[in-house]
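**Q** Below are the sequence and a predicted model for it; my questions follow.
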Amino acid sequence: MAQDPIIMMNHVGLIKTDHRGRMISVLKDIKLSVLSTEIHALIGPSGSGKSSILRLLNRLEEATSGDIYIEGKTIGQWQVRDLRNKIGFVFQESSLFPGTVMDNILYAPRIRGIKKSKEKSVAKEMIAMVGLEESFLDKEITRLSGGEKQRVNIARTLAAKPEIILLDEPTAALDPASTQTIEQLILNLNQEYKKTIVFVSHNMQQVKRLSHHIAVIKQGETIYQGTAEDFIEQHGEDMSFL
Ligand SMILES: Nc1ncnc2c1ncn2[C@@H]1O[C@H](COP(=O)(O)OP(=O)(O)OP(=O)(O)O)[C@@H](O)[C@H]1O
Ligand SMILES: [Mg+2]
């Protein structure tokens, strides 16, 4: 039997008003189908609407048309809190605050009232999941490299124990070595911890390395859904036609 998607978008549109009061159609016709425990990529040119799609999935914005289902329930039926516990978001720009790695990782657990006696073990578990040494917990965020910051950023999202993780251009600001580390981490979170992952990328090679399925987004529309390999076979690896 075919597996029901954990995330589904049908004909989703998002109209926004710009600073001059003009209506802008940011998303026009988005279709998306993400299976449980897969890695799914969103790829497309700058301004095509990729970050907006992730924001809709976390209820940071509301779609103006179409349907979004999470585990078969329409997104409006979810309590926002439950939805954000289920779906963690690693933003395009790091949202770490000044302080230690441990303080950042424990941000969500402390809001939920974690017991003081449990703090250290939770922080250790999260730092291990992203492949950093325990000694990092006491380091100041400002002293970390870009790749280390991104791993802490991911560890912080993991601390809320999400089943689904949204990553917006997780390697955009990183050098090749750190990019490789983050790619390995994404694969590991999927394979070892069975997380469902939706990530945004500009890079078809990266998408091919990581994802089971992709959606290609152009000017607010889904123009392709399938595997990266099939897309490359049909169109080549050059994305400039988009
Ligand atoms: N509040 C807003 N007011 C006006 N336009 C907006 C607003 N939010 C988004 N847009 C426009 O919607 C389009 C899609 O934006 P979005 O950030 O989703 O694109 P993206 O695919 O993530 O781009 P990038 O690859 O550069 O991150 C862009 O043209 C953007 O300027
Ligand atoms: Mg974006």
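**A** Received the coordinates, thanks. Ligands and ions are numbered 1, 2, ... in the order given.
**Q** SS state for the most centrally placed residue in the chain?
**A** Among the residues of the chain, the one closest to the centroid is residue 166, at 1.6 Å (CA atoms, centre = their mean). Three-state assignment for residue 166 (DSSP: H, G, I helix; E, B strand; the rest coil): strand.
**Q** Hmm, it is touching residue 58, no?
**A** Yes. Counting by CB atoms under 8 Å, residue 58 is a contact partner of residue 166 at 6.6 Å. All C-beta atoms are positioned from the backbone trio N, CA, C, and that covers glycine.
**Q** Find the residues that touch each one of those two.
**A** Residues touching both residue 166 and residue 58 (CB atoms under 8 Å, 6 or more residues apart in numbering): 87, 89.
**Q** Surely residue 218 and residue 47 touch.
**A** No. Under the criterion of CB under 8 Å, residue 218 makes no contact with residue 47, lying 10.1 Å away.
**Q** higher neighbour count, those two?
**A** residue 218 (16 against 11; other CB atoms under 10 Å).
**Q** so what's the more buried one bridging to?
**A** When assigned by DSSP bridges, residue 218 has beta-bridge partners residue 221.
**Q** Could I get the pLDDT score of it?
**A** Note on residue 218: pLDDT of 95.
**Q** next one: residue 242
**A** You'll see residue 242 listed with a pLDDT of 69.
**Q** tilt between the longest helix anywhere in the chain and strand 164-168?
**A** Ranked by number of residues, the top helix in the chain under DSSP state H is helix 176-191. Per axes from the mean of the first three to the mean of the last three CA atoms, to 10 degrees, the angle that helix 176-191 makes with strand 164-168 is 160 degrees.
**Q** Beyond helix 176-191, next helix or strand please.
**A** strand 196-201 (DSSP states H and E).
**Q** after that next one comes which helix or strand?
**A** helix 204-210.
**Q** Show me which residues of the protein sit near ligand 1.
**A** 16, 18, 24, 26, 44, 46-52 (CB under 6 Å from any ligand atom).
**Q** Is it possible to mark the buried ones in these?
**A** Listed as buried from the residues of the chain next to ligand 1 are 26, 44, 48-52; burial here means 16 or more other CB atoms under 10 Å.
**Q** Select from the residues you listed every entry located in helices.
**A** 50-52.
**Q** avg pLDDT for stretch 131-145?
**A** Stretch 131-145 comes out with an average pLDDT of 95.
**Q** I appreciate the help and will end here.
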